[in-house]
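Q: fold the following for me, if possible:
(2 chains)
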Amino acid sequence: MIVSVQMFARARDLAATDRVQLALPEGAHAGELKDALAERFPALRPVLPALLVAVNGAYATAETVLFQDAEIACFPPVSGG
Amino acid sequence: MIRLTHDPIDPAGLTQLVRSPAAGAVVLFLGTVREMTAGRQTAFLEYDAYPAMAEAQLAALDAEARARWPIVEAAIVHRLGRLDLGEISVAVVVSTPHRDQAFDAARFLIDRLKQVVPIWKKEHFSDGRTEWVHPGLPAEEQPPRSGADAERSDTL
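A: Numbering: from 1, shown residues only, chains lettered A, B, ... in the order given. Just a heads-up that it's a prediction; the model follows:
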């Protein structure tokens, strides 16, 4: 399946793009998404363990299952306020 | 009321919004842009957000606070874009029947906002360097001085 991933803040800067499409196996987990991002964007590797994944506006865990039309985002720890 | 805005925040208007004869207490919290952080001088801040998720997370926090405290009215407003020193980046205002409830609910809302709402600040330092603030991640360009990691622009 092809998933589209939005990226924000330093993750966007390191990847030099705000959106990427990745080919993942059907039923892939959020943890696999991070691995695929690291492969595509080596610059993300140093911050990868801290990156957060969101699926349809909710925080995912490494085990959260992704699906083709989900709204997926990946970003570093938040700092609003 | 939940809002992300690029316009200046009006604390008096927000306070008026939550006042009610049903409430005996109103607590207003403002986060403002601080000049000095761990010895480094900020020129201005830039805030970015993932708007759809930020609004959803703020709405969830609002609902959680209303379930825990007898909130009469509540408003959470976060500003985005460029903010100069002293400007208001975030406002949380809560009205409840009694003051302890208002203090506790407002504290909960600002503390949780800083933990879960996908908004990010970028420091633009007076020396021209810039740096996204990401608690728990190493600084981008300069090694952080001791204690420089976590807190940036507001809460004591």
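
Q: make it CA atoms for all contacts and neighbour counts henceforth
A: OK.

Q: for the residue nearest in space to the middle of chain B, what are its contacts?
A: For chain B, the residue nearest the mean C-alpha position is B:Val90 (3.7 Å; CA atoms, centre = their mean). Each residue near B:Val90 by CA atoms under 8 Å, 6 or more residues apart in numbering or on different chains is listed here: A:81, B:9, B:30-32, B:76-79.

Q: for the spatially closest residue to it that is not a sequence neighbour, give its distance to B:His98.
A: Counting by CA to CA, 6 or more residues apart in numbering or on different chains, B:Val90 lies nearest to B:His78, which is 4.4 Å off, once chain neighbours are set aside. For B:His78, the distance to B:His98 (CA to CA, to the nearest Å) stands at 26 Å.

Q: so B:Gln115 touches A:Tyr59, yeah?
A: No. Checked against CA atoms under 8 Å, the pair B:Gln115 and A:Tyr59 is beyond contact range at 11.9 Å.

Q: picking that back up, who's more crowded, B:His78 and B:His98?
A: Using other CA atoms under 10 Å in any protein chain shown, the more surrounded residue of B:His78 and B:His98 is B:His78, with 28 against 15.

Q: quick one on the thing from earlier: what's the helix or strand for the residue nearest to B:Val90?
A: According to DSSP states H and E, B:His78 maps onto strand B:73-79.

Q: flag every buried residue along the very next helix or strand once past that strand.
A: Note on strand B:73-79: by DSSP H and E, the next helix or strand toward the C-terminus is strand B:81-84. Within strand B:81-84, the residues scored as buried using 16 or more other CA atoms under 10 Å in any protein chain shown are B:82-84.

Q: equivalent analysis for stretch A:74-81, please.
A: A:74-81.

Q: go on, stretch A:12-31?
A: A:12, A:14-15, A:18-19, A:24, A:28-31.
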